[in-house]
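A.B. asks: Can you look at this prediction? I've put the sequence above it.
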Amino acid sequence: MSSAHVSNAVSNDQPLADRRTAVLVTGAGGEMGHGLIHALAARDPECAIVGLDLRPADDSIGALCAETLTGDVRDTHLLEHLAGRYRFGHVFHLAAMLSSSAERAPLLAYDVNVGGTMNLLRLAIAERERTGRMPMVVLPSTIAVYGLSSLAAKAVAGTITEDEFLEPRTMYGCNKLASEHLGRYFNDHHGQFESDTPGSLDFRSIRFPGIISAETLPTGGTTDYGPEMLHAAAQGHDYTCFVRADSQLPFMTMPEAIRAILELTDAPRSSLTRSAYNVRSFAPTAEELADAIRARYPDLKVVFDPTPGRQLIVDGWPADVDDAVARADWGWSPTHTLDSALDDYLIPGLKAHYGIV
Ligand code: AKB
């Protein structure tokens, strides 16, 4: 175990034996938090889940958690208080400001996205120092870590691998790439002055594309046009799309994203060759997405009226990503094409969600 302490002393510690083993989920009330907490509870009803979010937990989450807290990942006192009461073997750090929100308030985004990640890493390292057991920290990262300098560069780049084009052009992308590197440092190198086997925690990260859920809508992202268009169609509304028709990005469904998190979590550490992995399922242009949705909701009218800032972000993100390493290392395989995602999950889910028969 590393002796390079980075944690603050926790004054309100319960004796180790009295602390309950638990899984911490930050961003518990968000889109991914909902899905993950339901999945964790479904596969192990005995699992003690502690949910943390800026907003009070809704009943569906509250019922599945041992405890829910309303608070901020920047609040180190709150995190120390939690660490004094639980043994966190797994930390799923989902709380973040997404790309469009982060671009509107970049300094706040840095504090939340990088500062928050550092606080959760610190909590995990403190766990290691007190128990000797290596906790796992799982961080959703993003295609925003990539940065293509122009539309022409995006067209030439095509489908990109994890180590290419790592020059993010958004605050959110910079924040997530920095967070990935911090996690990798604590996974591989922390304590290297004191130990021949450095590394204080087990850090794993997935670079998610746009995610589409049948039950929830994202806020503050730039891939939001995908889910917004679909939910508008399901409600019989027209949709004004904030990117050009030819804008292409990778996407996946929320259940696939949750499955990816759980599969990466379950993978033996020895099979992992890197700390951050690409995943994706389909990569339509905005027009192809509109056409596929209109084939199921013929009344849908989509007007493409690009917002310059958000268009710039999408033009700097890759048209598609290569998920070969995730497939090889931990058996990742997407469930869906765009058509099967719509027919097998999204449309039935939207009907149930909006009560449409
Ligand atoms: C966003 O649009 O900010 C997110 C993302 C790609 O990480 N959906």
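C.D. replies: That came in fine, so what should we check first? Numbering: from 1, shown residues only.
A.B. asks: And for residue 353, the neighbour number?
C.D. replies: 16 (other C-beta atoms under 10 Å). Using the backbone N, CA and C atoms, a C-beta is placed for each residue, glycine as well.
A.B. asks: Give me the spatial nearest neighbour of it, chain neighbours excluded.
C.D. replies: residue 215 (5.3 Å; C-beta to C-beta, 6 or more residues apart in numbering).
A.B. asks: contacting residues for the one you found?
C.D. replies: 34, 254, 349, 353 (C-beta atoms under 8 Å, 6 or more residues apart in numbering).
A.B. asks: Phi and psi next, for the first one.
C.D. replies: What that stands for is residue 34. Residue 34 has phi and psi values of phi -60, psi -50 when expressed as degrees, to the nearest 10.
A.B. asks: Please verify my assumption that it contacts residue 62.
C.D. replies: No - at 11.6 Å, residue 34 does not count as touching residue 62 under the criterion of C-beta atoms under 8 Å.
A.B. asks: Give the residue from these two that has the larger number of neighbours.
C.D. replies: Neighbours were counted for residue 34 and for residue 62 using other C-beta under 10 Å; residue 34 has more, 25 against 15.
A.B. asks: quick one: that one and the ligand, what's the gap?
C.D. replies: 15 Å (C-beta to the nearest ligand atom, to the nearest Å).
A.B. asks: For the closest residue to the ligand within the stretch 201-350 of the chain, which non-adjacent residue is closest in space?
C.D. replies: Proximity of the stretch 201-350 of the chain to the ligand (C-beta to the nearest ligand atom) peaks at residue 221, 2.9 Å away. Spatial nearest neighbour of residue 221, chain neighbours left out: residue 98 (3.9 Å); criterion: C-beta to C-beta, 6+ apart.
A.B. asks: how many neighbours does the residue of the stretch 201-350 of the chain closest to the ligand have?
C.D. replies: 26.
A.B. asks: Show me which residues of the stretch 201-350 of the chain are close to the ligand?
C.D. replies: 208, 210, 221-223 (C-beta under 6 Å from any ligand atom).
A.B. asks: Make sure residue 187 is indeed in a helix.
C.D. replies: Yes - judged by DSSP: H, G, I helix; E, B strand; the rest coil, residue 187 forms part of a helix.
A.B. asks: Next, the spatially closest residue to it that is not a sequence neighbour: phi, psi?
C.D. replies: Nearest non-adjacent residue to residue 187, counting by C-beta to C-beta, 6+ apart: residue 203, 4.0 Å away. The phi/psi pair for residue 203 (degrees, to the nearest 10) reads phi -110, psi 130.
A.B. asks: for this structure, what are the low-confidence residue spans?
C.D. replies: For the chain, applying pLDDT under 70 flags the ranges 1-13, 357.
A.B. asks: which stretches of it form strands?
C.D. replies: Counting by DSSP state E, the chain has strands at residues 20-26, 49-53, 67-70, 86-93, 136-142, 159-160, 202-208, 210-212, 239-241, 251-253, 276-278, 302-304, 320-321.
A.B. asks: what would those look like in JSON lines with mean neighbour count?
C.D. replies: Converted to JSON lines, those look like this (neighbours: other C-beta atoms under 10 Å):
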{"stretch": "strand 20-26", "mean neighbour count": "22"}
{"stretch": "strand 49-53", "mean neighbour count": "24"}
{"stretch": "strand 67-70", "mean neighbour count": "18"}
{"stretch": "strand 86-93", "mean neighbour count": "22"}
{"stretch": "strand 136-142", "mean neighbour count": "23"}
{"stretch": "strand 159-160", "mean neighbour count": "18"}
{"stretch": "strand 202-208", "mean neighbour count": "23"}
{"stretch": "strand 210-212", "mean neighbour count": "27"}
{"stretch": "strand 239-241", "mean neighbour count": "19"}
{"stretch": "strand 251-253", "mean neighbour count": "25"}
{"stretch": "strand 276-278", "mean neighbour count": "26"}
{"stretch": "strand 302-304", "mean neighbour count": "16"}
{"stretch": "strand 320-321", "mean neighbour count": "22"}
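A.B. asks: show me what contacts the spatially most central residue of the chain?
C.D. replies: Among the residues of the chain, the one closest to the centroid is residue 140, at 2.9 Å (C-alpha atoms, centre = their mean). With contact set as C-beta under 8 Å, 6+ apart, residue 140 has these partners: 32, 94, 96, 205-206, 208, 257, 261.
A.B. asks: how about a cut-off of 6 Å?
C.D. replies: Counting by C-beta atoms under 6 Å, 6 or more residues apart in numbering, residue 140 touches 94, 206, 208.
A.B. asks: quick one on the thing from earlier: where helices are concerned, which of the contacts of residue 215 count?
C.D. replies: 34, 254, 349, 353 (DSSP state H).
A.B. asks: and of those, the nearest to residue 75?
C.D. replies: The closest of the ones in helices among the contacts of residue 215 to residue 75 turns out to be residue 34 (C-beta to C-beta; 22.1 Å).
A.B. asks: Quick check: end-to-end length of stretch 141-151?
C.D. replies: 23 Å (C-alpha to C-alpha, to the nearest Å).
A.B. asks: got the buried residues for it?
C.D. replies: Using 16 or more other C-beta atoms under 10 Å as the test for burial, stretch 141-151 gives 141-148.
A.B. asks: Would you mind pulling the contact partners of it?
C.D. replies: Contact with stretch 141-151 is made by 99, 154, 157, 165, 167-170, 172-173, 176-177, 180, 205, 207-209, 276, 315-318, as judged by C-beta under 6 Å, 6+ apart.
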